[in-house]
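Colleague: this one's sequence-less:
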């Protein structure tokens, strides 16, 4: 209550302060959901460096053409009747939309977005982890998610993240997300990372997949002036990571994806032409010889813009 002399009662002042505090907290939560700031105990800070992570609304509008091309190419590595795990992310969501067309699949995921993309696929079985919902990326995280993956074994895992370097591998800026991704990796015989060129050379706070555990990277063609991405691709190839590059016209003519590559004997079929063996998660590859220049392998049929890149083997 404002008195005639302009003074404000303590009760009125307390009410104004309380209302302002509620408004500020609401606005901070909204900004955090958009990835524009990070909440901390007692306040908030601008995102940046190793802690930066955009929210889903912001990430869903970034590199959409590149994510579509990557998803088209990655879907070609999946065959009928397989069991795979698909992690959270906007790129993996695009992949899930294409997996809906492959009959007989079993897809294990901690992502509500991936599950939604597969919800109406009559011939695809979707298995969701337990856990606590993380609203910024619509993923289930925490001990419940990790425990539900114990004892699981699938042919391959498809994961995305916030950054990828040859030195540390795939990383993310959220501890809970990183922990669940590591559990997903432990369930798979092969690990396929989906990352557009903007994530190459970017290092974030929590490592999820070490470089020596990544079987294949599916990415897009970096711009000619992006030396950082090109250097990182070469370094990853030198460490034995198979690199599949989706060209700018990868998605033309629909989203069916390229023919699947030849399979390793462990899963049936012929040995892949670009590797001698695929390590299980946690197993290190045989040390590579001195780094050599990347060279494109023979293009997949009808996909002249797409090639696997790998170091020469002696």
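Modeller: Done, it's in. Everything numeric here is computed off the predicted structure, so don't read it as measured data.
Colleague: contacting residues around residue 201?
Modeller: 163-165, 228-229, 231-232 (CB atoms under 8 Å, 6 or more residues apart in numbering). C-beta: built from backbone N, CA, C; applies to glycine.
Colleague: go again using 6 Å as the cut-off
Modeller: Residues counted as contacts of residue 201 (CB atoms under 6 Å, 6 or more residues apart in numbering) are 228, 232.
Colleague: Which parts of the stretch 151-300 of the chain are helices?
Modeller: 175-186, 227-238 (DSSP state H, counting those that start in this stretch).
Colleague: any idea of the mean pLDDT in stretch 198-211?
Modeller: For stretch 198-211, the mean pLDDT works out to 93.
Colleague: can you tell me the distance between the two ends of that stretch?
Modeller: 18 Å (CA to CA, to the nearest Å).
Colleague: Would you indicate which residues of it are buried?
Modeller: Of all the residues in stretch 198-211, those buried under the rule 16 or more other CB atoms under 10 Å are 198-202, 204-211.
Colleague: now swap in stretch 109-129 and tell me
Modeller: Applying 16+ other CB under 10 Å to stretch 109-129 flags 109-115, 117-118, 121, 124, 126, 128-129 as buried.
Colleague: Looking at those, which are in helices?
Modeller: Among the buried residues of stretch 109-129, the members falling in helices (DSSP state H) are 112-115, 117-118.
Colleague: Next, format those residues as a markdown table and append pLDDT and distance to residue 189.
Modeller: Below are these laid out as a markdown table (pLDDT from 0 to 100; distance: CB to CB, whole Å):
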| residue | pLDDT | distance to residue 189 |
| --- | --- | --- |
| 112 | 96 | 26 |
| 113 | 96 | 25 |
| 114 | 97 | 20 |
| 115 | 97 | 23 |
| 117 | 96 | 24 |
| 118 | 97 | 21 |
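Colleague: what's the most distant pair in these?
Modeller: Distances among these were taken as CB to CB; the most separated pair is 112 and 118, at 11.0 Å.
Colleague: joint contacts of those two?
Modeller: Joint contacts of residue 112 and residue 118 (CB under 6 Å, 6+ apart) do not exist.
Colleague: Tell me how far residue 94 lies from residue 230.
Modeller: 24 Å (CB to CB, to the nearest Å).
Colleague: which of the two has more neighbours?
Modeller: Applying other CB atoms under 10 Å to residue 94 and residue 230 shows that residue 94 carries more neighbours, namely 25 against 18.
Colleague: Looks to me like that one is in a helix.
Modeller: Yes. Counting by DSSP: H, G, I helix; E, B strand; the rest coil, residue 94 falls inside a helix.
Colleague: what's the spacing between it and residue 147?
Modeller: 29 Å.
Colleague: buried ones in stretch 82-92?
Modeller: Of the residues in stretch 82-92, those buried (16+ other CB under 10 Å) are 82-92.
Colleague: thinking again about what came up before, buried deepest among the helices of the stretch 151-300 of the chain, which one?
Modeller: helix 175-186 (a mean of 22; mean count of other CB atoms under 10 Å).
Colleague: residues in contact with it?
Modeller: Against helix 175-186 from outside (CB under 6 Å, 6+ apart): 85, 87, 110, 141, 145-146, 149, 157, 159, 172, 191, 206, 208-209, 281.
Colleague: Okay, and which of those map to strands?
Modeller: 85, 141, 157, 159, 172, 191, 206, 208-209 (DSSP state E).
Colleague: nearest to residue 242, of the residues you listed?
Modeller: residue 191 (11.0 Å).
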